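Colleague: Generate a structure from the sequence data that follows.
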Amino acid sequence: MTETPQTPVVDFYFDPTCPFAWITSRWMLEVEQVRDVEVRFHQMSLYMLNEGRELDPDYRRHTDEGLIPGRATLHVGTERPELLADWYTALGTRIHEQGNKDYEAVIAEAAEELGLDTTAVLESTRTDAADDHLREAQRRAEELVGNDVGTPVVALEGTAFFGPVMTRIARGEQAGRIFDGAVALAEFPYFYELKRARTTSPEFD
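Modeller: Next up, the predicted model:
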């Protein structure tokens with residue numbers, strides 16, 4: 001009897017406030033439509049990555065504020081792990097595509113959209129009781145790529161990378177071709193880094 005081949009899994013690690021992670025995540029969902037892969041979402045945390053580091057004041061403010069949706073995402077991922085991807089979509093659509101940085105408001109709206117206990121999700125953002133679990137989520141991402149990189153992290157073919165970082169969402173077959181290139185790089189065990197300066201800002205169309 002011939003066994004049915006398993007669909008390859010791509011593990012995607014995100015911080016919900018990162019615009020580059022959002023673009024890469026939407027690209028990966030496009031890839032799912034044109035390649036035989038399954039995307040599984042996992043949380044990481046820019047706040048925990050930068051805990052104790054000297055940062056530019058504006059970026060420090062951004063990462064500190066990001067702890068609020070980070071805690072909410074941890075709560076949802078713990079209580080309803082099957083909804084994590086949908087939660088990220090509901091939250092990210094509001095934060096990135098709609099430009100709403102009132103995190104308590106978008107958390108409440110996303111929870112209501114998914115039929116979650118809004119009060120419980122919001123209360124999870126006001127306590128540090130689960131912060132060690134958020135640190136552990138970040139640690140798991142760092143174990144894949146090290147702690148001198150950011151979000152997103154994509155793990156495929158047994159290899160994980162920071163990125164790819166894009167400022168537009170690749171669609172359709174173009175998304176598939178970019179993915180094919182990433183797989184080809186991942187298959188070479190001695191490839192580590194490919195980078196250039198960004199000259200465009202994120203757009204989410």
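Colleague: At which residues are the strands of the chain located?
Modeller: Under the criterion DSSP state E, strands of the chain are mapped to 9-14, 38-43, 153-156, 159-162.
Colleague: could those strands be laid out in CSV, adding mean neighbour count, mean pLDDT and distance to Lys195?
Modeller: For the C-beta atoms, the positions are set from N, CA and C on the backbone; glycine is no exception. Formatted as CSV, the strands of the chain follow (neighbours: other Cβ atoms under 10 Å; pLDDT from 0 to 100; distance: least, Cβ to Cβ, whole Å):
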stretch, mean neighbour count, mean pLDDT, distance to Lys195
strand 9-14, 21, 96, 19
strand 38-43, 17, 97, 23
strand 153-156, 22, 94, 15
strand 159-162, 19, 93, 10
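Colleague: Dump those strands into TSV; add distance to Leu29 as well.
Modeller: Below are the strands of the chain laid out as TSV (distance: least, Cβ to Cβ, whole Å):
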stretch	distance to Leu29
strand 9-14	9
strand 38-43	7
strand 153-156	13
strand 159-162	18
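Colleague: ranges for the helices of the chain?
Modeller: Secondary structure of the chain by DSSP state H: the helices cover 19-34, 46-49, 57-65, 67-79, 84-92, 103-113, 118-124, 131-145, 172-187.
Colleague: List the contacts of the first one.
Modeller: Residues outside helix 19-34 that contact it (Cβ atoms under 8 Å, 6 or more residues apart in numbering) are 10, 12, 14-15, 37-39, 41, 88, 92, 95-96, 150-152, 154, 163-173, 175-176, 178-179, 202, 204.
Colleague: Now the lowest-mean-pLDDT helix or strand in the chain: buried residues?
Modeller: Taking mean pLDDT, DSSP states H and E as the measure, the chain has helix 57-65 as its least confident helix or strand, at a mean of 88. For helix 57-65, a neighbour-count test (16 or more other Cβ atoms under 10 Å) marks 62-63 as buried.
Colleague: Would you quantify the distance from Val37 to Ala105?
Modeller: Distance of Val37 to Ala105, computed by Cβ to Cβ, to the nearest Å: 34 Å.
Colleague: okay, those two: which has more neighbours?
Modeller: Higher neighbour count among Val37 and Ala105: Val37, with 18 against 11, using other Cβ atoms under 10 Å.
Colleague: Tell me the pLDDT of the more buried one.
Modeller: On the pLDDT scale, Val37 is placed at 96.
Colleague: I figured it hits Val10, correct?
Modeller: Yes - the pair Val37 / Val10 is scored as a contact, 5.3 Å apart, by Cβ atoms under 8 Å.
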